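S.K.: Sequence first, predicted model second:
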Amino acid sequence: MTILAVEDLGITFGGLRAVDGVSFQVSLGEVFSIIGPNGAGKTTLFNLVTGIYRPGRGTIRLAGEDVTHLAPHLLVRRGMARTFQNLQIFFRMTAVENVMVGHHLSERTSLLADMLAWPTVARQNRRTRTRAMELLERVGLAHHAETVAGELPYGVLKRLEIARALAVDPKVLLLDEPAAGCNAVETEAIDRLIVRIAESGVAVVLIEHDMKLVMKISDRVLVLAHGRRLAEGPPREVRNDPAVIAAYLGEHGAREADRAHG
Amino acid sequence: MLKTLLSSRLAVLLLLAVVIALVPVLAPSSFYLRVAALVWVFALAALGLTILMGYAGQVSLGHAGFLGIGAYAVAIGPARLGLDPLLSLVLGAVLCGLVAYVVGKPILRLKGYYLAIATLGFGLIVALVLTSEGAITGGPDGMQVPRMTVLGWRVSGIQTWYWITGGALLIGALLALNIQASPSGRAFRALHDSEIAAAGVGVDVASKKLAAFVISGVYAGVAGSLLALMNGFITPEAAGFMHSIELVAMVIIGGLGSVVGTVVGAAFLVVLPQALTMLHEYEQAVLGLLIMAFMILLPAGIVPSLRRLVLERVR
């Protein structure tokens, strides 16, 4: 079932068409990857879809409803969650608190109750903490729960971001380079994690430079170049597309191609 | 174990209560009680900034404006409108909340330096209005604050005000600690670290900032009312720029985001000038040097820096 439908999306920055008429659809339970050379407009596309940028043209539909101009925090309410290319972690909070913030929308307390430490607040806190711990468990970080996030290594924080995004119970999860800067073992763990998330019925939209990872776990791949769609289809098809090889794999040289085939 | 103890709500409140109870025993002169009561009042005002700056990460260089509004509420209410002083205090707090809401809504969209200057402007306007509306406020010379009577009991004497201000500080500290550990507090602290990620999990960043601003305005307003009632006299200087800066300095010197630190910071900036008066003309210079020394030696603020040192030693 199609959950996210993007149509003819575009934005211009000072004359540069950063994203230029891109359309795609993603279904529940699918891993949909967006690849392309640096500057192709991948992250800009994410920022458009998640409401951080206002699109100059085009529409975004989530579960059939037009959400094109909704603010980010309102999109979350409708089941859209994301992680960030450059980590956006709450560095002064513990790992478990980071995930607890992710549960913010399901918490039923008021500011007044919070100030007065009403008994409902303590109950709410316990419930949120339990659910956050389950998510930390799921991404394999339960043992780091009480560590301040600022003291955790990069690879761990990447997974913490995913746990926090899962806390909003998303239908669509957008992951912006989840394996960037991670070593082989960490990448492997994230790879398995993404597959499990998709299997649980979430639509995963993935930006990733690690071609091996992309080709292995994606159901479909969208190739962007200069803000436009270059190709779209199953990994095998896209990998052998002459236009893709010329624009992306070719330009990036043998190293990227090797990784893609490795 | 030590870490949990140092950060538990009950421990912080007990510590504050013990200190408040011990001051009259150790320093039973009305001069010391007055200085200590001033510490509690300014700590209460600064606690509001701890919520705004320490939790939510939004700066305000105009918070003495709220101090002034609260102070003049208990002066103008009874003297000009014939209102009960206690009611005036409550109305003053409500007024501060409303003003914070109206002012905060447009300016909290600004960030960092720009927000600082906008709030600075707010503080200046309040001080200006209080100075120029002489017919109501008594102008630059200020005005008498009628004595408060509660159920026929005339509230006066530094002893009494010592306990009232101390009690108010304890309540303020309790509420601030409650917020910190609640869903609202987590949302505040989250947007402090990353607004984009906070919005990305559904936190309504604008309304949370506004909530923190309103709460902090009410804190400063109540503190201003207590200050005016205790002194029995008030001038527009209460809303002055120097007080706004002092409040910010208290929060930072004591330790951003720390409730105990806020009280320590308030004590630092209220007690030291008193203690340094014997240095006469060097007073301000020495105070300035001490502030610089403390920030260099304890950059995270007095309480968090010392806490870290203790925890490292134990480990």
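M.R.: Yes, it's here. Residues are numbered from 1 along each chain as shown, chains lettered A, B, ... in the order given.
S.K.: From residue A:160, how far out is the spatially most central residue of chain B?
M.R.: The centre of chain B sits closest to residue B:45, judged by CA atoms, centre = their mean, with a distance of 1.5 Å. Using CB to CB, to the nearest Å, residue B:45 is found at 37 Å from residue A:160. The way it works is simple: take the backbone N, C-alpha and C, and place the C-beta from them, glycine included.
S.K.: Residue 158: neighbour count?
M.R.: No chain was given, so I picked chain A. Residues contacting residue A:158 under the criterion other CB atoms under 10 Å in any protein chain shown number 26.
S.K.: you looked at the wrong chain, it should be chain B
M.R.: By other CB under 10 Å, the residues close to residue B:158 number 16.
S.K.: residues from the stretch 1-150 of chain A in reach of chain B?
M.R.: Taking CB under 8 Å from any CB of the partner chain as the test, the list of the stretch 1-150 of chain A residues beside chain B reads A:50, A:52, A:71-73, A:76-77, A:81-82, A:84, A:88-93, A:97-98, A:100-102, A:104-105, A:107, A:109, A:111, A:113-117, A:121, A:124-125, A:128.
S.K.: Run through chain B and note the low-pLDDT ranges.
M.R.: Within chain B, the stretches falling below the threshold (pLDDT under 70) are B:1-7, B:315.
S.K.: Which single residue of the stretch 1-150 of chain B ends up nearest chain A?
M.R.: Residue of the stretch 1-150 of chain B nearest chain A, by CB to the nearest CB: residue B:9 (8.4 Å).
S.K.: Now that residue: closest residue in space, sequence neighbours ignored.
M.R.: Spatial nearest neighbour of residue B:9, chain neighbours left out: residue B:177 (4.6 Å); criterion: CB to CB, 6 or more residues apart in numbering or on different chains.
S.K.: Mind jotting down where the helices sit in the stretch 151-262 of chain A?
M.R.: Under the criterion DSSP state H, counting those that start in this stretch, helices of the stretch 151-262 of chain A are mapped to A:154-166, A:184-199, A:211-217, A:235-239, A:242-244, A:253-261.
S.K.: secondary structure class for the residue nearest to residue B:110 when sequence neighbours are not counted?
M.R.: Excluding the flanking residues, the one nearest residue B:110 by CB to CB, 6+ apart is residue B:118, at 5.4 Å. Three-state assignment for residue B:118 (DSSP: H, G, I helix; E, B strand; the rest coil): helix.
S.K.: for residue A:59, same thing?
M.R.: With three-state DSSP as the basis, residue A:59 sits in strand.
S.K.: cool, and residue A:10?
M.R.: Counting by three-state DSSP, the backbone at residue A:10 sits in strand.
S.K.: if I read this right, it contacts residue A:22, doesn't it?
M.R.: Yes - the pair residue A:10 / residue A:22 is scored as a contact, 7.3 Å apart, by CB atoms under 8 Å.
S.K.: and the top helix by length along chain A, what does it pack onto?
M.R.: Of all the elements of type helix in chain A, the one with the most residues (DSSP state H) is helix A:119-138. The contact analysis (3 or more CB pairs under 8 Å, 6 or more residues apart in numbering or on different chains; DSSP states H and E) places helix A:119-138 against helix A:95-102, helix A:111-116, helix A:154-166, helix B:183-193.
S.K.: Turn those helices into a markdown table, including distance to residue B:205.
M.R.: Rendered in a markdown table, the data for those read as follows (distance: least, CB to CB, whole Å):
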| stretch | distance to residue B:205 |
| --- | --- |
| helix A:95-102 | 12 |
| helix A:111-116 | 15 |
| helix A:154-166 | 16 |
| helix B:183-193 | 5 |
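S.K.: Please identify the most buried of those helices.
M.R.: Most buried of the helices and strands packed on helix A:119-138 by mean neighbour count (mean count of other CB atoms under 10 Å in any protein chain shown) is helix A:95-102; its value is a mean of 28.
S.K.: where does that one sit relative to the chain's centre, distance-wise?
M.R.: Its chain's average C-alpha position is 17 Å from that of helix A:95-102, according to CA atoms, centre = their mean, to the nearest Å.
S.K.: Which one of the helices and strands packed on helix A:119-138 lies nearest to residue B:91?
M.R.: When these are ranked by distance to residue B:91, counting by CB to CB, first place goes to helix A:111-116 at 18.8 Å.
S.K.: Go ahead and name everything in contact with the closest one.
M.R.: Residues from elsewhere that reach helix A:111-116, judged by CB atoms under 8 Å, 6 or more residues apart in numbering or on different chains: A:120-121, B:175, B:178-179, B:182-185, B:211, B:215.
S.K.: Looking at it now, give me its mean pLDDT.
M.R.: If you average the pLDDT over helix A:111-116, you get 92.
S.K.: pretty sure the residue nearest to the centre of chain B is touching residue B:67, no?
M.R.: Yes - applying CB under 8 Å, one finds residue B:45 in contact with residue B:67, separated by 5.7 Å.
S.K.: Give the intersection of the neighbour lists for those two.
M.R.: Where contact means CB under 8 Å, 6+ apart, the residues bridging residue B:45 and residue B:67 through contact with each are B:220, B:223-224, B:247.
S.K.: Kindly tell me how buried residue B:202 is, as a neighbour count.
M.R.: 24.
S.K.: for it, helix, strand, or coil?
M.R.: The assignment at residue B:202 comes out as coil when based on three-state DSSP.
S.K.: so where does residue A:52 fall, helix or strand?
M.R.: Taking DSSP states H and E as the criterion, no element holds residue A:52; it sits outside all helices and strands.
S.K.: what's the closest non-adjacent residue to it?
M.R.: Using CB to CB, 6+ apart, the closest residue to residue A:52 is residue A:72 (5.8 Å).
S.K.: How about residue B:65?
M.R.: Computed as CB to CB, 6+ apart, the closest residue to residue B:65 that is not its neighbour in sequence is residue B:126, at 3.5 Å.
S.K.: Residue B:239 is in contact with the one you found, correct?
M.R.: Yes - counting by CB under 8 Å, residue B:126 sits close enough to residue B:239 to count as a contact (4.8 Å).
S.K.: where does chain B come near chain A, residue by residue?
M.R.: Going by CB under 8 Å from any CB, the residues of chain B near chain A are B:175, B:178-179, B:181-187, B:189-190, B:192-194, B:196-205, B:211, B:215, B:257.
S.K.: residue ranges with poor pLDDT in chain A?
M.R.: Chain A contains residues with pLDDT under 70 at A:248-262.
S.K.: per-domain residue ranges of it.
M.R.: When chain A is parsed into structural domains using automatic domain parsing, the resulting residue ranges are A:1-79+A:170-262, A:89-167.
S.K.: Let's have those in TSV, adding distance to residue B:232.
M.R.: Supplementary listing: the domains of chain A in TSV, determined by distance: least, CB to CB, whole Å:
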stretch	distance to residue B:232
domain A:1-79+A:170-262	48
domain A:89-167	31
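S.K.: Residue B:149 - how many residues pack around it?
M.R.: As a burial measure, residue B:149 scores 14 neighbours (other CB under 10 Å).
S.K.: What ranges does the stretch 151-300 of chain B have for its strands?
M.R.: Counting by DSSP state E, counting those that start in this stretch, residue ranges of the strands within the stretch 151-300 of chain B are B:153-155, B:233-234.
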